[in-house]
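S.K.: Show me how the following folds:
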Amino acid sequence: MTEKSSEKLLQILFNKSWTAASPQKCLPPFLPARPAGRTIVIGAGKGSAEMAMSLEENWTGKLAGKLEGIVLTRYGHGAPTKHIKIIEAAHPVPDEAGLNGTREIVDLISNLTKDDLVICLISGGGSALLTAPAGDITLEEKQSINRQLLASGAPIDEMNCLRKHLSAVKGGRLAVAAYPAKVVSLMISDVPGDDPSVIASGPTVADVSTTEQALEIVEKYKLDLPESIENFLNSPQAETPNPGDPRLANIENHIIAAPAQSLEQAAQAAKKAGYQVTNLGDAIEGEAREVAAQHAALALVAKPGVIISGGETTVTLKGTGRGGRNGEYALALAIALDGAPNIWAIAADTDGIDGIEDNAGAIITPTTLSRAKDLGMSPQAYLDNNDAYSFFEKLGDLVTTGPTRTNVNDFRAILIEP
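M.R.: Have a look, this model is predicted:
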């Protein structure tokens, strides 16, 4: 296979992974029965606007015009809905638009009856977009905590544990606000293990975590807390609704798309192209560069084929460069492979955005290091500065899709040619 055809195959596998989780495909089978009362649609996430559009298209007949609702999505991830209002806001650090949009959602679902139905559309990114600081916590203080968490290297479950206990809507509190209406939450999972309580910090899911655990996370990552947050975490108000809370008795939570399904679609495409596939699973976590080193060791001794994996790695920021966890993984993988002549790879986020940049990820080839050397670039220096974006941009090896309007986490494929 030529270098270009190897790269093309990797792009095909990545595209298969995220299109398998398109709301147009995965949402319609999960639509609930029409209620006797109102139908209100709410939601948050990078895929929520596309989910709302799919819902409208499949909520047919005279009832279609009776839909009303509000969903929050990231800037640039909107969709042309007719009845459901789309509000775009900041991610991964929340902003005023997200704060105001969340207030609108809470107002909309207040004072409902048991005859009403709330359809909640949740996807990755909802934690930052659905923003309602609890107690006396300000938006600026919430933004500071978010930035610290993003730089800490903490896994998503720990990040979201703390977020739940600082929020008026996460950890089941959004569903409580809709009580006594029935709530049906449709989720696209972007978390290892597909735990509904972790996806977007589980706004409609009873929470088993405690404020004690949240405080342990603060201590573990040496987070700098303002007095308002410290006081709130040490108060009874910080505890989230637990399983068995009667206000959550009329809640249904459904995962409509998950990373494992997307990996399987990519695996089938690789097999159809004639390759043996090794699937490492969709729950891989850990520091991106360390995971890359492990995967390089596997690839260097593997037989020809494709190694695929998903999950969500982390990056502990020490440099001042640009790039997300997929770029960091790809750069570390290239360094560890050291120009192996028969190995190509792709690492990209299925939402189309790696961190806060405009790319989904990057591709590496057997010539990545030699081409960098020709340009006078030190791959290790770029990695040390957390500057994978600049590295791959100069090589022309960024993967750019634009927003995919879904999110089933990271996709990685290593192609070993004969």
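S.K.: Tell me which residues touch the nearest residue to Leu67 once chain neighbours are set aside, please.
M.R.: Leaving out its chain neighbours, the residue that sits closest to Leu67 by Cβ to Cβ, 6 or more residues apart in numbering is His83, at 4.2 Å. C-beta: built from backbone N, CA, C; applies to glycine. Applying Cβ atoms under 8 Å, 6 or more residues apart in numbering, we find His83 in contact with 56, 64-65, 67-69.
S.K.: okay, and for the stretch 51-200 of the chain, where does confidence drop off?
M.R.: 62-64 (pLDDT under 70).
S.K.: what about the strands in it?
M.R.: 67-74, 84-89, 117-122, 182-188 (DSSP state E, counting those that start in this stretch).
S.K.: between the ones you listed, which gets nearest to Val208?
M.R.: strand 182-188 (17.1 Å; Cβ to Cβ).
S.K.: Report how many residues lie close to Arg247.
M.R.: 16 (other Cβ atoms under 10 Å).
S.K.: Helix, strand, or coil at it?
M.R.: Here Arg247 is helix, with the state taken from DSSP: H, G, I helix; E, B strand; the rest coil.
S.K.: What distance do you get for it to Lys271?
M.R.: As defined by Cβ to Cβ, to the nearest Å, Arg247 lies at a distance of 47 Å from Lys271.
S.K.: ok, now Thr73?
M.R.: Taking Cβ to Cβ, one finds Thr73 at 34 Å from Lys271.
S.K.: With neighbour numbers in mind, choose between these two.
M.R.: Thr73 (32 against 13).
S.K.: Run through the residues that contact the more buried one.
M.R.: Contacts of Thr73 by Cβ under 8 Å, 6+ apart are 44-49, 86-89, 125, 129.
S.K.: still on that earlier bit, with distance to Gly323 as extra columns, can I get the strands of the stretch 51-200 of the chain in a markdown table?
M.R.: A markdown table is the format used below for those (distance: least, Cβ to Cβ, whole Å):
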| stretch | distance to Gly323 |
| --- | --- |
| strand 67-74 | 18 |
| strand 84-89 | 23 |
| strand 117-122 | 27 |
| strand 182-188 | 24 |
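S.K.: quick one: which of the contacts of His83 has the most company?
M.R.: The contacts of His83, ranked by neighbours (other Cβ under 10 Å): first place Gly69, 25 neighbours.
S.K.: Count the neighbours of the nearest residue to that one once chain neighbours are set aside for me.
M.R.: Nearest residue to Gly69, sequence neighbours excluded (Cβ to Cβ, 6+ apart): Val41, at 3.1 Å. The number of residues packed near Val41 is 26, by other Cβ under 10 Å.
S.K.: now do Ser152
M.R.: Ser152: 19 neighbours (other Cβ under 10 Å).
S.K.: and it, what does it touch?
M.R.: Here Ser152 is in contact with 221, 223, 316 (Cβ under 8 Å, 6+ apart).
S.K.: Generate TSV for these, with secondary structure, distance to Ala336 and pLDDT as supplementary columns.
M.R.: Shown next, in TSV, are the contacts of Ser152 (DSSP: H, G, I helix; E, B strand; the rest coil; distance: Cβ to Cβ, whole Å; pLDDT from 0 to 100):
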residue	secondary structure	distance to Ala336	pLDDT
Tyr221	coil	27	96
Leu223	coil	31	96
Thr316	coil	18	94
